[in-house]
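Enquirer: Next come a sequence and a model predicted from it.
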Amino acid sequence: MKNLLSPNNPTYKNLNTVILFLIVLLVISCGPKKSIVQEETIEEIYPKLLFLNYTISKDKNDKKSIQFINKIIADGKAKSNSNKYIKTGTVGDLKCSQLDKDSIEINHVFIKNPFIKTIEFVNDSLSFESKRVVLNKAPISLRLQLHSKTKLIVISEIIDALQNSKPLITTKLN
């Protein structure tokens, strides 16, 4: 029987290679690791919510105006707003934009036309019906995740199919 621990034995050389490989693997796996996560921004560390309340109205010539009621800035992070705001706007919808100090848009959301309300009700034959009501005055309440660099909020009306908009009101944040 040959001695397995003899340096001339080919099995001994393979065993040394395997042991050396395992030691290197152990040293690499136990070494300090650099974090792959990107640096968190201040906004994610201390998120803020912005609550804005307005009243929008239109006159006989369909000219729209918005009156600012109040704003509240509070600590917190917004839940998913997938059903609160629409993905893209159409003519008559509103666009709410957050702008930085240089009036560059940081973020925006689209708000369905506040003058058109759909009311669902049960009719005399006990089946559901919906009725479209056109209003002349409506409240607008917004809940937005506030970006840390936001200095202005602009609410605009979408005026054509190319998403061009006409500003209705600008609200400064301190």
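Expert: That came through fine.
Enquirer: quick one: least confident helix or strand in the protein?
Expert: helix 42-45 (a mean of 56; mean pLDDT, DSSP states H and E).
Enquirer: Report how many residues lie close to Leu135.
Expert: 13 (other Cβ atoms under 10 Å). All C-beta atoms are positioned from the backbone trio N, CA, C, and that covers glycine.
Enquirer: And for Asn53?
Expert: Residues near Asn53, counting by other Cβ under 10 Å, number 14.
Enquirer: looking at it, Lys84 is touching Arg143, isn't it?
Expert: Yes: taking Cβ atoms under 8 Å as the definition, Lys84 is a contact partner of Arg143 at 7.3 Å.
Enquirer: Looking at those two, which one has more neighbours?
Expert: Arg143 (17 against 14).
Enquirer: which residues does the spatially closest residue to that one that is not a sequence neighbour contact?
Expert: In space, and not counting its chain neighbours, Arg143 is closest to Phe51: 5.6 Å by Cβ to Cβ, 6 or more residues apart in numbering. For Phe51, the contact set (Cβ atoms under 8 Å, 6 or more residues apart in numbering) comprises Lys71, Ile72, Ile73, Ala74, Ser141, Leu142, Arg143.
Enquirer: As JSON lines, the residues you listed with pLDDT, distance to Lys166 and secondary structure would be great.
Expert: Shown next, in JSON lines, are those (pLDDT from 0 to 100; distance: Cβ to Cβ, whole Å; DSSP: H, G, I helix; E, B strand; the rest coil):
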{"residue": "Lys71", "pLDDT": "95", "distance to Lys166": "22", "secondary structure": "strand"}
{"residue": "Ile72", "pLDDT": "93", "distance to Lys166": "27", "secondary structure": "strand"}
{"residue": "Ile73", "pLDDT": "92", "distance to Lys166": "27", "secondary structure": "strand"}
{"residue": "Ala74", "pLDDT": "92", "distance to Lys166": "30", "secondary structure": "strand"}
{"residue": "Ser141", "pLDDT": "93", "distance to Lys166": "22", "secondary structure": "strand"}
{"residue": "Leu142", "pLDDT": "93", "distance to Lys166": "18", "secondary structure": "strand"}
{"residue": "Arg143", "pLDDT": "92", "distance to Lys166": "24", "secondary structure": "strand"}
